[in-house]
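Enquirer: sequence and predicted structure, then a few things I'm wondering about:
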Amino acid sequence: MSKKGRVLVAMSGGIDSTVTAMMLHEQGYEIVGITMKTWDYASSGGSSKETGCCSLDSINDARQIAVEKGFHHFIVDIREEFGDYVIDNFVEEYIAGRTPNPCILCNTHIKWSSLLKRADAMDCEFIATGHYARIKHEQDRYFISKGVDPRKDQSYVLWGLSQECMARTMFPLANYTKEEIRKMALDWGYEALSLKPESYEICFVPDNDYRGFLKRRVPELENSVKGGTFVNSQGEILGSHDGYPFYTIGQRKGLGGGFKTPKYVTNIIPETNTIVLGEADDLLKNAMQVGQINFQKHETISPDQDYVTMVRYNDRGTLSRVSLPENHDQLEVSFLANVRGIAPGQSAVIYENEDVVAGGIILRS
């Protein structure tokens, strides 16, 4: 074993995880590569070509790098646990009228758990991924902090990591920009890798048609929710829609015609299969409740301190006051300026400067 230690590296076949493995290899760590197959795209019935981290090409790319660099590589099939937890939750959330973020759920409950379990089995002290974020350790607390590249910072999607997970995780790309990583791959002779495009799709919905996925996953859903009504904030009927699970807060396109001004989805009421439409300003809110809390930098929230809270990935964040009522498991967030399009089911992440203090799931606004 290397004097530096043995590291299990999550390798998707993309540029970030590949450069992560090569960087650690050059630094003298003993590398074990692992590629997790989370989804069989052929079973989704989508119309697009197989892409992303679960494709055969991506798995082969990861294995090829390991062969060239001379370290072990394993493929782990976690489709069953992924499907049972992440995909079932994805469907259930839309049916409940909320907008889920399956990638965060996968990170928190599936990928890190699978990595740590395999790391223990393979005598690896650490795990490493290609995320653009930092892990800090202060006063016996581990916490996520923003990476140096603001356009690629992924701290938002890592709010759910536990102290145990962060204590054993390495993010070698934390102090680099995406451009520097592409140049690094090119300098190492991997031109094709350096030109690989970003992948933003949900792995099990690679055609980005979540409505089609829901219909294929739950065939009876379309008929059971068909014929719902659009209403305005006064409850006046504006028209009919295709079923409440097929709409999201803030949506403007795909609502049909006949409106004198642009309309936006401002509320979803599953119980009556009703979609409330309003103007752009109706999406502005100044408070919300957040559940399923995970504290990182501190063990609790200070009600006398201003924090910056993000309500979606790439959100710039808004200054806020946060409180945790006594005998309560939900955070109350009051924004110091109006925030647009707060969607139940999405994640809220609370920052102190660059550091993640806590995160959770938006319950209501």
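Expert: Arrived safely, thanks for sending. The shown structure was predicted, so the numbers you read here are calculated from the model rather than taken from an experiment. Numbering: from 1, shown residues only.

Enquirer: ok, and what's touching stretch 74-88?
Expert: 32-40, 59, 63, 102, 105-106, 109-110, 114, 118, 204, 217 (Cβ atoms under 8 Å, 6 or more residues apart in numbering). No exception for glycine: its C-beta is placed from N, CA and C like everyone else's.

Enquirer: chain center to it, what's the gap?
Expert: What separates the centre of stretch 74-88 from the centre of its chain is 16 Å, taken as Cα atoms, centre = their mean, to the nearest Å.

Enquirer: how long is that stretch end to end?
Expert: 27 Å (Cα to Cα, to the nearest Å).

Enquirer: and what of stretch 260-277?
Expert: End residues of stretch 260-277 are separated by 13 Å (Cα to Cα).

Enquirer: same check on stretch 152-162?
Expert: OK, stretch 152-162 end separation, Cα to Cα: 22 Å.

Enquirer: and what of stretch 194-211?
Expert: 33 Å.

Enquirer: list the buried residues in that stretch.
Expert: 194, 196, 202-207, 210-211 (16 or more other Cβ atoms under 10 Å).

Enquirer: the longest strand in the protein is where?
Expert: strand 284-295 (DSSP state E).

Enquirer: output it as CSV, restricted to C-alpha atoms.
Expert: Provided in CSV are the C-alpha atoms of strand 284-295 (Å, rounded to 0.1, in the frame of the first residue of the first chain):
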residue,chain,number,x,y,z
LEU,A,284,-42.3,36.2,-5.3
LYS,A,285,-42.2,34.9,-1.7
ASN,A,286,-40.4,36.1,1.4
ALA,A,287,-40.6,33.0,3.7
MET,A,288,-40.6,29.2,3.7
GLN,A,289,-40.4,26.1,5.9
VAL,A,290,-37.7,23.5,5.4
GLY,A,291,-37.7,20.0,6.7
GLN,A,292,-35.4,16.9,6.7
ILE,A,293,-32.6,19.1,8.1
ASN,A,294,-28.9,18.1,8.0
PHE,A,295,-26.6,20.4,10.0
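
Enquirer: so what are the sheet partners of that strand and their directions?
Expert: strand 331-340 (antiparallel), strand 355-364 (antiparallel) (DSSP bridges).

Enquirer: can you name the element that comes right after that strand?
Expert: Later in the chain than strand 284-295, the nearest helix or strand by DSSP states H and E is strand 306-310.

Enquirer: shaky segments in the chain?
Expert: Scanning the chain for pLDDT under 70 picks out 1-2, 41-55.

Enquirer: what ranges do the strands span in the stretch 51-200 of the chain?
Expert: Shown for the stretch 51-200 of the chain, the strands assigned by DSSP state E, counting those that start in this stretch span residues 72-77, 126-128, 133-138, 141-146, 169-170.

Enquirer: by contact count, what packs against the fourth one?
Expert: Yep, that's strand 141-146 we're talking about. strand 133-138, helix 163-167, strand 355-364 (3 or more Cβ pairs under 8 Å, 6 or more residues apart in numbering; DSSP states H and E).

Enquirer: of all these, which one is nearest residue 228?
Expert: Taking Cβ to Cβ, strand 355-364 is the member of the helices and strands packed on strand 141-146 nearest to residue 228, at 20.5 Å.

Enquirer: can I get that closest one in PDB? Just the C-alpha atoms.
Expert: Output in PDB follows, covering the C-alpha atoms of strand 355-364 (Å, rounded to 0.1, in the frame of the first residue of the first chain):
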ATOM      1  CA  ASP A 355     -19.700  27.400   4.100                       C
ATOM      2  CA  VAL A 356     -22.700  25.200   4.300                       C
ATOM      3  CA  VAL A 357     -24.400  25.500   7.700                       C
ATOM      4  CA  ALA A 358     -27.400  23.300   6.900                       C
ATOM      5  CA  GLY A 359     -29.700  22.100   4.200                       C
ATOM      6  CA  GLY A 360     -33.100  20.500   3.800                       C
ATOM      7  CA  ILE A 361     -36.100  20.000   1.700                       C
ATOM      8  CA  ILE A 362     -38.500  22.900   1.100                       C
ATOM      9  CA  LEU A 363     -41.900  22.000   2.500                       C
ATOM     10  CA  ARG A 364     -43.900  25.100   1.800                       C
END
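
Enquirer: list the buried residues for that strand?
Expert: Quick answer for strand 355-364 (16+ other Cβ under 10 Å): 355-363.

Enquirer: ok, these vs residue 288, which is closest?
Expert: Using Cβ to Cβ, the buried residues of strand 355-364 come closest to residue 288 at residue 362, 5.7 Å.

Enquirer: list the contacts for that closest one?
Expert: With Cβ under 8 Å, 6+ apart, residue 362 has these contacts: 288-290, 311, 342-348.

Enquirer: what's the answer for residue 125, then?
Expert: 5-7, 119, 168.

Enquirer: next, it: phi, psi?
Expert: phi -70, psi -30 (degrees, to the nearest 10).

Enquirer: and it, how close does it get to residue 323?
Expert: Distance of residue 125 to residue 323, given as Cβ to Cβ, to the nearest Å: 39 Å.

Enquirer: how about residue 148?
Expert: Relative to residue 323, and taking Cβ to Cβ, residue 148 is found at 32 Å.

Enquirer: and stretch 216-234, how far apart are its ends?
Expert: Stretch 216-234 end-to-end distance (Cα to Cα) = 35 Å.

Enquirer: can you pull the buried residues of it?
Expert: 217-218, 221, 225, 228-231.
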